[in-house]
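J.: Below are the sequence and a predicted model for it; my questions follow.
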Amino acid sequence: MIEITIPLAPRLADCFANYQGRKKTHKYKSWIMTAGLELNIQRRSFITKLPLAHPVFIHMILPTRVGRDLDNRFKASLDLLVSHDVIEDDSWPHVAAIQASYDPRVDKKLEILQIFDYQ
C-alpha cells in the first residue's frame with residue numbers, strides 16, 4: 001500500500017474554463033504544482049513499491065463530506081497520480097475500484113490517497 005497526503009484538490013468546476021476550448025484554470029495549475037511538489041517529497045517513502053501492478057484500488061480520504069460531489073472529487077487527484085507515474089493510467093483496466101470516505105481528523109486543506117494492489 002502507498003499512502004500520499006496532498007493538498008485538497010479543487011472541485012472539477014474550478015479546474016477548467018471553457019473559453020475557446022477547455023483550458024486549465026490558474027487555481028488548477030497552482031494546485032497541480034503544489035500537490036506535485038508534495039507528492040515528490042513523499043516519493044522517497046514509496047519509490048521502491050513502484051511501478052504498481054495493476055489493477056489498483058484507490059481509497060481517497062477527505063476531511064469532510066459536506067458540500068462535496070464525490071464524482072467531481074476524483075478527476076484532479078487521479079490525473080496527478082498518472083502525471084507523476086504513480087499509476088500507469090486512470091482508465092478501467094488499470095484502476096479496478098475507487099472508494100471515498102471522510103475522516104474529520106484529516107486537516108481541512110488535505111486529502112489522503114491510499115493505493116493498493118487490487119487482488
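T.: Perfect, thanks for sending it. Numbers count the residues shown, from 1 in each chain.

J.: which SS class is the residue nearest the centre of the chain?
T.: Residue closest to the mean C-alpha point of the chain, counted by CA atoms, centre = their mean, is Ser77 at 2.1 Å. Following DSSP: H, G, I helix; E, B strand; the rest coil, the label given to Ser77 is helix.

J.: Show me where the chain dips below the pLDDT cut-off.
T.: Flagging of the chain using pLDDT under 70 yields the residue ranges 66-68.

J.: Please enumerate the helices of it.
T.: Along the chain, the segments classed as helices by DSSP state H run 26-42, 74-83.

J.: In a markdown table: those helices, plus distance to Leu52.
T.: Heads up, the C-betas are built off the backbone N, CA and C, glycines and all. As requested, those are exported to a markdown table (distance: least, CB to CB, whole Å):
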| stretch | distance to Leu52 |
| --- | --- |
| helix 26-42 | 14 |
| helix 74-83 | 10 |
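
J.: and those helices, which is most packed in?
T.: Comparing the helices of the chain by mean neighbour count (mean count of other CB atoms under 10 Å), helix 74-83 ranks first with a mean of 18.

J.: now the angle between helix 26-42 and that helix, please.
T.: Between helix 74-83 and helix 26-42, the angle comes out at 50 degrees (axes from the mean of the first three to the mean of the last three CA atoms, to 10 degrees).

J.: quick one: the residue nearest to the centre of the chain and Gly21, what's the gap?
T.: Separation of Ser77 from Gly21 (CB to CB, to the nearest Å): 23 Å.

J.: Also Ala35?
T.: Relative to Gly21, and taking CB to CB, Ala35 is found at 24 Å.

J.: For the closest residue to Ile6 other than its chain neighbours, list the residues it contacts.
T.: Spatially, and ignoring its direct neighbours in sequence, Ile6 is nearest to Ala35 (4.3 Å; CB to CB, 6 or more residues apart in numbering). Contact analysis of Ala35 by CB atoms under 8 Å, 6 or more residues apart in numbering lists Ile6, Pro7, Ala9, Leu80.
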